[in-house]
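Student: Whatever this is, show me its structure:
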Amino acid sequence: MKALRWHGVKDIRVEDIEEPKAEKGKVKVKVEWCGICGSDLHEYTAGPIFIPIETHPLSGDKAPIVLGHEFSGHVVEVGEGVTKVQVGDRVVVEPIYACGECQSCKQGKYNLCVKMGFFGLAGGGGGFSEYANVPEVMLHKIPDSVSFEQGALVEPSAVALYAVKQSTFKVGDKAAVFGAGPIGLLIIEALRAAGASEVFVSEVSEERKQKAAEFGATVIDPKEVDVVEEIRKRTNGGVDVSFEVSGVDPVLTQSINAVKVGGEAMIVSIFENRASVDPKDIVLNERNVTGIIGYRDVFPAVISLMAQGYFSAEKIITKKIKLDQVVEEGFDALLKERNQVKILVKPN
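Tutor: Next up, the predicted model:
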C-alpha cells in the first residue's frame, strides 16, 4: 500500500509498504481522510521532535515512520480480543500512546505519560496511508451525522476544546487568541461553545484574518496597531484568558501582556526554539502562565459538539488532495501559501 514516511528534515516520501493486518488488540482501519497538522509541519522543517530516532518504548518503532495522526476511516478488520468496534464502524483515532503504569497515567492524566507519544508521529503506523493498524483503545465511533471530513478534524478540535477546558475561562469571560491558524480558529469555536462574551484575535495574514472574522472573532492586526494596547483599551485592562497559538517568541510576550491583572495566558503552541519572557510581566501583575500538551477525555464531547454543528469542516478545510500530492500540494503549500488553513489528504 501507499504511505507517507518521514526520513529526515525536508525528507518525507510516499512509498510502498506492507499492508497491515489486524493484530491482537488492534483494528485495521481504512483511512478516509487525514489532516496535515502543525506538528507534522514542525517535523518536516525541524524534526525530529516527537519522532523517535531510537525505538519508542510503546510503539516499538523508530524512524522512518508513517506520518498522520488526524484521521478518520472505517473498520475493515478486527484483531483477537477486540470488543469495542466491529467491521463497518465509522471511527476516528485518539492517537495518544500511554503506558498506563506511570504516576500520571495512574492519576488518569494519560496525555502526561512519561513515555507518551502519538500514533502517526511516534510510529506504529499513521493516517497518511491507505490502511492503519490502530490499538483498539484509541478508537472512537462517530455517528452518520458527522462526515469523514469532519471526523478528520476531531483530533485538532480536541486540542482546542481541551485548551479552553484546562484554562480558568468562565462563561461570559473575554478571551484573546494569538494566531489564527487551524488550532487558533478551532479555539475561537471552542470559546464560542463555552460562552465567551468576546474573542479577540491577533493575526497578520489577510486570509486568516478573514477566516477569524467568519468564526465570529474581533480581529486585530499587530502590524497596524499595538495589539496589547488595543486589547487593553477595548477590555478595560485586558482579557481574562489568552491563548498563544503561533509559536513565535515575541507573540508569547504579547499574549501574556494582553491579560488582565490576575488573568491567565495559556500556551498551546509547540515552540521549535527557546522563548524569552520577562518574569516581571508575570510577577508584577500576578498573572498565571500555563500550558497544555494534546488532550485527554474530550473526544466524546468534541464529537457531540460536531453533531450539533460546531467545528464545521466547511469553515476550516481549504483544500483536499490525494496522497501522491501530499508533499508539493500539502506540506509545501502550507509553508508557502498563507491562504491555506487545513488541508485534508485522501490516501485511497
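Student: show me where the stretch 201-348 of the chain has strands.
Tutor: Remark: strands assigned in the stretch 201-348 of the chain by DSSP state E, counting those that start in this stretch are 218-220, 239-244, 259-267, 288-291, 317-322, 342-346.
Student: hey, which of those strands is tucked in deepest?
Tutor: Greatest average neighbour count among those goes to strand 239-244 (a mean of 28), per mean count of other Cβ atoms under 10 Å. Bear in mind the C-beta positions are built from the backbone N, C-alpha and C, glycine included.
Student: Okay, now the sheet partners of that strand, with direction.
Tutor: strand 174-178 (parallel), strand 259-267 (parallel) (DSSP bridges).
Student: any idea how far the residue lying closest to Leu335 once chain neighbours are set aside lies from Ala258?
Tutor: Distances taken as Cβ to Cβ, 6 or more residues apart in numbering put Leu41 closest to Leu335, at 6.8 Å, once the chain neighbours are dropped. Noted for Leu41: a distance of 26 Å to Ala258, by Cβ to Cβ, to the nearest Å.
Student: can you check Gln150 too?
Tutor: Distance from Gln150 to Ala258, by Cβ to Cβ: 32 Å.
Student: Of these two, give the one with the bigger neighbour count.
Tutor: Ala258 (27 against 23; other Cβ atoms under 10 Å).
Student: Tell me who's in contact with that one.
Tutor: Applying Cβ atoms under 8 Å, 6 or more residues apart in numbering, we find Ala258 in contact with 176, 178, 200, 227-228, 231-232, 238-239, 242, 265.
Student: where do the strands sit along the stretch 51-200 of the chain?
Tutor: According to DSSP E, counting those that start in this stretch, the strands that the stretch 51-200 of the chain contains are 65-66, 70-78, 90-93, 96-97, 117-118, 131-135, 139-141, 174-178, 198-202.
Student: picking up where we left off before, so which of the strands of the stretch 201-348 of the chain comes closest to Pro20?
Tutor: If you check each of the strands of the stretch 201-348 of the chain against Pro20 by Cβ to Cβ, strand 342-346 wins as the nearest, at 18.3 Å.
Student: by how many degrees do that closest one and strand 70-78 diverge?
Tutor: 20 degrees (axes from the mean of the first three to the mean of the last three Cα atoms, to 10 degrees).
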